[in-house]
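Just to be clear, the model below is a prediction. Sequence and coordinates:
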Amino acid sequence: KQPEDFSLYEISASDNRLLWHKDLPAFDGQSPQLGLAPDSFYSYMRATGRLTMFDDRTREPRWTRELPNLDQTVPPITAGNLMIVKSGTDYRALRLSDGSDAWTVPTKTLSTSELTNDRVLAVFDHDERSVAVDIATGKTIVDLPPRKRCFKETSFTLCRRRLSLWPWTWRKVFAGKRRFPGEWHRLAWAPAFMPAPKPEN
């Protein structure tokens, strides 16, 4: 083991047995960002800009991507067979199988915030727009313009399967419904100090 290597261990939750350990290289004294994904684990080394996904069974690399601008303040999000990362001003959905891009949501600023559940990624691009996409397909569900006139502020609320958008100054309900596989999702927005309107049957 080299002086700049570090070790990763897996320990059984049932009896505390050491199942395996793996030595990984460090660079310039930096340890990588580590995380778990379905049937795998990943490491991101800021010094090299390299994201590597490892197979949980063999502990061997499954794929490697060069992502020098990966935003480490936004933890990767796993949903289904995808992992969503923020790289520069883009949100990228990477396929867990090979690391290729499934879809990308571009933003105009580095100052963004996001909410997600297992079906929807909602991104608030401050002073620019608010957008929500279907995680499985990358298709846009909602794309709201920048703040205008009475449209002062917008944020997303995700509760289980429901996506709501809440501005402070006015209330409006989307006409119609948007369908996801096997379920109906209602979309609405309303001021936070007023109760959301009951949907019509």
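Nice, I can see it.

What distance do you get for T104 to G49?
18 Å (C-beta to C-beta, to the nearest Å). Just so you know, the C-beta spots here come from the backbone N, C-alpha and C atoms, and that holds for glycine as well.

for S113, same thing?
24 Å.

likewise D28?
From D28 to G49 the distance is 13 Å (C-beta to C-beta).

Who has more neighbours out of those two?
Counted by other C-beta atoms under 10 Å, D28 and G49 do not tie: G49 has more neighbours, with 14 against 9.

lowest average confidence, helix or strand, in this protein?
Least confident helix or strand, the chain: strand 172-173 with a mean of 34, by mean pLDDT, DSSP states H and E.

Skipping its backbone neighbours, what lies nearest I11 in space?
L18 (5.9 Å; C-beta to C-beta, 6 or more residues apart in numbering).

Repeat that for V85.
Distances taken as C-beta to C-beta, 6+ apart put P76 closest to V85, at 4.8 Å, once the chain neighbours are dropped.

Okay, now the unreliable bits of the protein?
1-4, 146-201 (pLDDT under 70).

If we use 90, what do you get?
In the predicted model of the chain, residues 1-10, 12-13, 20-33, 46-47, 56-57, 72-75, 80, 108-120, 122-132, 141-201 satisfy pLDDT under 90.

now the helices for it?
For the chain, applying DSSP state H gives no helices.

can you pull the contacts of L94?
R65, L82, M83, I84, V85, S100, D101, A102 (C-beta atoms under 8 Å, 6 or more residues apart in numbering).
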